[in-house]
Every structure is written in C-alpha cells, then in structure tokens.
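Chemist: show me how the following folds:
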Amino acid sequence: MNNRRLGKSGLVVSEICMGTMTFGAQANEATAFQIMDMAHEAGVNFFDAAEMYPVPPSTETFGITEEIVGRWLKTKSRETVILATKITGPGHGWFTPPVRSGMTTLDRHQIIRAVEASLRRLQTDYIDLYQTHWPDHGMRHEDTLAALTELVHTGKVRVLGCSNETSWGVMKSLWASDLHGLARYDTVQNNFSIVNRRCENELAQVCRQEQVSLLPYSPLAGGVLTGKYNGGATPEGARFTAYLATGNERQKNMARRFVNERTLAATECFLEIAAELGIAPVTLATAWSKQHDFVASTIVGATTTEQLRESLAAANLQLDPMVMEKIDHIESLYPNSFQEDGLRRL
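Modeler: Model (predicted):
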C-alpha cells in the first residue's frame, strides 16, 4: 500500500482510506470489525468517520458508527491508525441534522461540544484529522477556524480539514488562516468519481497550488459503478433503492443525481472496460480515483469483506494511458452525468 502526505501536514496516510458510514446500519458491529481488520491488515492506516454516521442519519442512530470504531480502535495500537471524523454542518434550511437538536452551526460552542462527544465515543484522547462535514458560509471563516485552531493547540486534534466545500470556500478559509495566523485546512473531502469529475476543474487547481489534498468519497458513485442499478434494477438493501422508494424529497433528489439515464449509460461502458482488463468494476473505479496527483487517499466503503477485497485490489494498480484515454472518451460522451452535486445549495 503506497502512502501520501495530507496537504502540508505531518500526516502520511495510505492511498486507500476505510470509510465507515455503513457501520451500525447496513453493516453490524461484527461485520464492521471484520472489514476494518481486513483493511488494517492490508496496509490501510486511514479510517474516516463522522459524528452523524451511520447513513441515513437519524436521532436514534447518530454517533453509533463512532462508538463501533472506538471499540475496534481499542484492539489496535493507537499509533497505527490515522483516525478522521467530522463535525456536522448547519441545516441550511434543506436538512435539519439529527445532532444537538439541529443546532449545528460551526461556532466555538458547538465545535467544543462536538469534539468532546466524538472523543468519548471513539475512546481516544486525540483525533488525527478533524473535518467540518459541510460549511457554514454565513459565518466568518476566522471564527470557525479560531475554535478549530484551539483544538490543535490543546492536542485534541492534529490536523484540520473540510468536506463538501466549494473552491471559493477552500480559498476563503486558507486566506483567513493566513491573515489571522490560524491553523489551515490541509484536506478537502468531496464527492469525486469517474461519473462525477467536477473536482478536476477549479478544485484541482486549488489543491495543487495551495497544497491541499483531496480525499474523494463515493468513488463508486454510491454503488452505481458496480452496475447493480443497470437495466432498471432496484437491488434489495441498496441505499438508493430505499431512498427512491421511501425516502424524503431530499433523499429522492440525491438518488436521482446518482441513478439516472446518463450515469447508467456511462457505467455500462465502464463495465466493458473492466471486463476487458479482467478486473472488477469496483477495482477500476477505485484505481482511477487514486490516480490523480491532487488526491491523497480515496475513501472506500463496504458492507461485506468481499466488497472491500475488490477495492483493495486497486492498491497497487496503475491504469495505463490507453485505459485512461478510453475513460476520458466516455466522459466526452456523457459529460457531467451527475448534473449537479449539491454544492450549489451551500
């Protein structure tokens, strides 16, 4: 497993990161332990959680994922794990987070409460990478960063990052850090996959020029790139099957961004490329994601060890230029198949 540095920080992480958002929902604790053990034994040292997990979030389940990760962490040497988690962002009117009665603005009061609760659930005295799950653009960036910097100074957090952030938001935060002498964001965790390539535009330039590392999540486009939704299939137990059938309007809109005519047509082409190479579609999608100079670590998810095995197969796989050209050609046939990725509402 190769490693890369997170931004300008001292943290060096595996190119594949184990995402945990299914733990406590689609994957029970025993299965979650098996998945994390497999990842750790394969050389994955980077594990990503959030106070709001598992997904879909609810008042009954929030925090369960961190609790599971915390119990697993006790079975390992703490120094062998780079642990990341996130504080929930504000509701923005389209979503009331089921955390702290929906009072989730990114001010000092909420940040201190959130990190203390995460530390208790994770059963550790420090978090390696602490991220804002999504931003609060209505706040002064320096106020949020001042509270986060306090956590760094007290040793509760080592490195800071953001998630679901725009290029403007990353640059504004970096400017505030420079102007006020505050800790900076060294990472940005955004949706990035072979069918959602928006990060290759403005955000890639921000990451390269400012030495901020992208941590792509959903490299399989929520499972779409496995092909399980092709041919009009509605696989039982799949997240977007549930969202389209019983979810609220926000969840249905999200599902339609992932599962639509163009993403499915593009996926059909990617399935053919994977078959030609003799690898799983999951392996192809993961390898493509980590094969970008501005990406430090690609976050993969799993509900079974077999699913994880296909992601781990991408660890030392380098796609040759001809394969990358084929992938680019498919993008030209089905450009921007996601249509929009939700950031416009921030």
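Chemist: where do the strands of the chain begin and end?
Modeler: 3-5, 12-14, 16-19, 46-48, 82-87, 127-132, 157-163, 185-189, 213-214, 298-300 (DSSP state E).
Chemist: nearest to Leu244, out of those?
Modeler: strand 16-19 (22.3 Å; C-beta to C-beta). For glycine as for every other residue, the C-beta is placed from the backbone atoms N, C-alpha and C.
Chemist: ok, Lys74 touching Thr124?
Modeler: No: taking C-beta atoms under 8 Å as the definition, Lys74 is not a contact partner of Thr124, at 9.1 Å.
Chemist: so where's the protein uncertain?
Modeler: 93, 345-346 (pLDDT under 70).
Chemist: need the longest helix for it.
Modeler: Criterion DSSP state H: the longest helix present in the chain is helix 261-277.
Chemist: of Lys74 and Thr124, who's got more company?
Modeler: Set Lys74 next to Thr124 and count neighbours by other C-beta atoms under 10 Å: Thr124 wins out with 19 against 10.
Chemist: thinking again about what came up before, which one of the strands of the chain lies closest to Glu310?
Modeler: strand 298-300 (9.2 Å).
Chemist: so what strands line up beside that closest one?
Modeler: In the sheet, strand 298-300 lines up against strand 16-19 (parallel) (DSSP bridges).
Chemist: and the contacts of the strand it pairs with?
Modeler: Contact with strand 16-19 is made by 1, 35-36, 39, 44, 46-48, 84, 215, 217, 286, 290, 297-301, 308, 311-312, 314-315, as judged by C-beta atoms under 8 Å, 6 or more residues apart in numbering.
Chemist: can you say which of the residues you listed are buried?
Modeler: 35-36, 39, 44, 46-48, 84, 215, 217, 286, 290, 297-301, 308, 311-312, 314-315 (16 or more other C-beta atoms under 10 Å).
Chemist: in the longest helix of the chain, what counts as buried?
Modeler: Buried residues in helix 261-277, defined by neighbour count with 16+ other C-beta under 10 Å: Thr263, Leu264, Ala266, Thr267, Cys269, Phe270, Leu271, Ile273, Ala274.
Chemist: please compute how far stretch 239-257 lies from its chain's middle.
Modeler: 19 Å (C-alpha atoms, centre = their mean, to the nearest Å).
Chemist: and that stretch, end to end?
Modeler: Using C-alpha to C-alpha, to the nearest Å, the end-to-end distance of stretch 239-257 comes to 13 Å.
Chemist: got it, and stretch 48-58?
Modeler: 19 Å.
Chemist: over to stretch 130-143?
Modeler: End-to-end distance for stretch 130-143: 16 Å, by C-alpha to C-alpha.
Chemist: report the buried residues of it.
Modeler: By neighbour count on 16+ other C-beta under 10 Å, the buried set for stretch 130-143 is Tyr130, Gln131, Thr132, His133, Trp134, Pro135, Asp136, His141, Glu142, Asp143.
Chemist: and for stretch 332-346?
Modeler: Tyr334, Ser337, Phe338, Asp341, Leu343, Leu346.
Chemist: next, give phi and psi for the third one.
Modeler: By that I understand Phe338. Here is the backbone geometry of Phe338 (degrees, to the nearest 10): phi -70, psi -20.
Chemist: thought it was touching Cys199?
Modeler: No: at 11.4 Å, Phe338 does not count as touching Cys199 under the criterion of C-beta under 8 Å.
Chemist: quick one on the thing from earlier: need the strands of the chain in CSV (columns: distance to Met324).
Modeler: CSV is the format used below for the strands of the chain (distance: least, C-beta to C-beta, whole Å):
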stretch, distance to Met324
strand 3-5, 19
strand 12-14, 22
strand 16-19, 19
strand 46-48, 25
strand 82-87, 29
strand 127-132, 29
strand 157-163, 27
strand 185-189, 23
strand 213-214, 18
strand 298-300, 16
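Chemist: centroid-nearest residue for the protein?
Modeler: Centre of the chain computed as the mean C-alpha position; nearest residue by C-alpha atoms, centre = their mean is Tyr217, 3.3 Å away.
Chemist: from the buried residues of stretch 130-143, which two are the most distant?
Modeler: Across these, no pair lies farther apart than His133 and Glu142, at 19.6 Å, counting by C-beta to C-beta.
Chemist: the residue nearest to the centre of the chain: what's it in contact with?
Modeler: Contacts of Tyr217 (C-beta under 8 Å, 6+ apart): Gly19, Asp48, Ser163, Gln189, Asn190, Asn191, Phe192, Ile299.
Chemist: what is the burial count for the fourth one?
Modeler: To tie it back to what came earlier, the one meant is Gln189. 28.
Chemist: partners of it in the sheet?
Modeler: Applying DSSP bridges, one finds that Gln189 bridges with Ser163.
Chemist: mind listing what it touches?
Modeler: Applying C-beta under 8 Å, 6+ apart, we find Gln189 in contact with Asp48, Gln131, Gly161, Cys162, Ser163, Asn164, Leu214, Leu215, Pro216, Tyr217, Ile299.
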